[in-house]
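Enquirer: coordinates only, no sequence provided:
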């Protein structure tokens, strides 16, 4: 069969779908898997070279759109609302050409409405779509009009609270198969390994620790630990372990967070200076990674790199890394797990819990002990 899987969010959400992709390929030996997305945060790039993927369709690239730099949900929605008729035809032609049989529409995919409608009209396959069983959306005349034009049939699959994202994605496959199957929780990537991408920074395998001081491209979010803590942590790592520290992030992280603090001279800042392939190689060769609930955290987990994950307000039941080389630290404040299936945006929650207070219950010493513990275990296992 031919399977279509969307991804319009980012690295973390796509990596949480890789076990689903792996399972499809194992269960259906003749499966052809297609991905569609806009490559926000380079999500498609980390899996497109996998032998399991037949083709990836980058909507932004194919329709010659330009993603706004701030990546706000409002700006993205406005971009897709401006898609012209001719651009819709290009997308419709591709959707029809792949002749998809099954479309898994996860609640974590954030598919723009215009693209959802085109997918619904593009084939006679079956759509498995998540639905909140506790929420009933009012219908309108236009909803009825659009539904009358659908070619595909739709089966709604309940969203269960307290469910890990990997299981939520698997629930769609189980609805399609109509029988339970053994679930695997190992995420994966398909990036080229190139040691030269690491050596150019004057660093070598297992001789440095990666830190992620920011998140969300430097935008306001309650899930980040205070940058001053990272500054102190980088000093402790260098002094007590004799290891170099490498900072990870993108342009917004560098401009809004990293550049506003004074770091030890031994710290190497790669933020905003790496491609996704470059970033992947730096992470995969690190002795340890310290990260927030983010794409970088999921990358480290997918590459089985020793990881210290910092959690506070985010929904750890859904996103926690499930690898065996991870240690999770929780900030227990009034904001703990406040994003548990919350309808409020990160921006709104950042306003309610300013100045990194949602992550304030994790100390530098706690993180340093976790780094020492996880690296000692790694050395013993090796």
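Expert: Arrived safely. The structure presented is a predicted model; accordingly, all values stated were derived computationally and were not measured.

Enquirer: CA only for contacts and neighbour counts going forward, please
Expert: OK.

Enquirer: distance of the residue lying closest to residue 81 once chain neighbours are set aside from residue 87?
Expert: Nearest residue to residue 81 in three dimensions, chain neighbours excluded: residue 114, at 7.3 Å (Cα to Cα, 6 or more residues apart in numbering). Plainly put, residue 114 is 11 Å away from residue 87 if you go by Cα to Cα, to the nearest Å.

Enquirer: same thing with residue 243?
Expert: 51 Å.

Enquirer: likewise residue 94?
Expert: 11 Å.

Enquirer: comparing these two, which shows the higher neighbour count?
Expert: Using other Cα atoms under 10 Å as the criterion, residue 94 and residue 87 rank with residue 87 on top: 16 against 12.

Enquirer: helix or strand for the more buried one, which one?
Expert: Residue 87 belongs to helix 85-98 when assigned by DSSP states H and E.

Enquirer: quick check: next helix or strand after that helix?
Expert: Counting by DSSP H and E, the next helix or strand C-terminal to helix 85-98 is strand 102-105.

Enquirer: what's in contact with that next one?
Expert: With Cα atoms under 8 Å, 6 or more residues apart in numbering as the test, strand 102-105 has contacts from 1-6, 125-130, 172-173.

Enquirer: among those, name the ones in helices.
Expert: Residues of those located in helices (DSSP state H): 172, 173.

Enquirer: selecting buried members of the contacts of strand 102-105 in ChimeraX, what would you type?
Expert: Buried members of those, defined by 16 or more other Cα atoms under 10 Å, are picked up in ChimeraX with:
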select :2,3,4,5,6,125,126,127,128,129,130,172,173
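
Enquirer: show me the strands in the stretch 101-250 of the chain, by range?
Expert: Taking DSSP state E, counting those that start in this stretch, the strands of the stretch 101-250 of the chain run over residues 102-105, 126-131, 153-158, 208-211, 244-247.

Enquirer: what does the helix holding residue 87 rub up against?
Expert: In this structure, residues lying in contact with helix 85-98 by Cα under 8 Å, 6+ apart are 2, 59, 63, 118, 119, 122, 123.

Enquirer: mind listing what's buried in it?
Expert: 87, 91, 92, 95, 98.

Enquirer: for stretch 45-60, same thing?
Expert: Under the neighbour-count criterion of 16+ other Cα under 10 Å, stretch 45-60 has 45-49, 52-59 buried.

Enquirer: how about stretch 73-81?
Expert: For stretch 73-81, using 16+ other Cα under 10 Å, the buried residues are 76, 80.

Enquirer: what's the answer for stretch 112-131, then?
Expert: Buried residues in stretch 112-131, defined by neighbour count with 16+ other Cα under 10 Å: 115, 118-131.

Enquirer: ok, the closest residue to residue 206 other than its chain neighbours - contacts?
Expert: Sequence neighbours aside, residue 287 is the residue nearest to residue 206 in space, at 4.1 Å (criterion: Cα to Cα, 6+ apart). Each residue near residue 287 by Cα under 8 Å, 6+ apart is listed here: 205, 206, 207, 208, 209, 305, 306, 375.

Enquirer: tell me which element residue 14 is part of?
Expert: Taking DSSP H and E as the criterion, residue 14 maps to helix 11-15.

Enquirer: and for residue 33?
Expert: Per DSSP H and E: strand 32-37 holds residue 33.

Enquirer: the helix or strand following that strand pairs with which strands?
Expert: Next helix or strand after strand 32-37 toward the C-terminus (DSSP H and E): strand 53-58. According to DSSP bridges, strand 53-58 forms sheet pairs with strand 32-37 (parallel).

Enquirer: circling back to that earlier point, chain center to the helix holding residue 87: distance?
Expert: 27 Å (Cα atoms, centre = their mean, to the nearest Å).

Enquirer: quick one on the thing from earlier: can you give me the buried ones in the helix holding residue 14?
Expert: Those would be 11, 12, 13, 14, 15, for helix 11-15 by 16+ other Cα under 10 Å.

Enquirer: out of those residues, who's nearest residue 275?
Expert: Residue 275 lies nearest to residue 11 out of the buried residues of helix 11-15, by Cα to Cα, at 13.3 Å.

Enquirer: got a list of what the nearest residue to that closest one once chain neighbours are set aside touches?
Expert: Take residue 11 and drop its neighbours on the chain: the residue closest to it by Cα to Cα, 6+ apart is residue 43, 4.3 Å away. Residues near residue 43 by Cα under 8 Å, 6+ apart: 7, 9, 10, 11, 12, 14.
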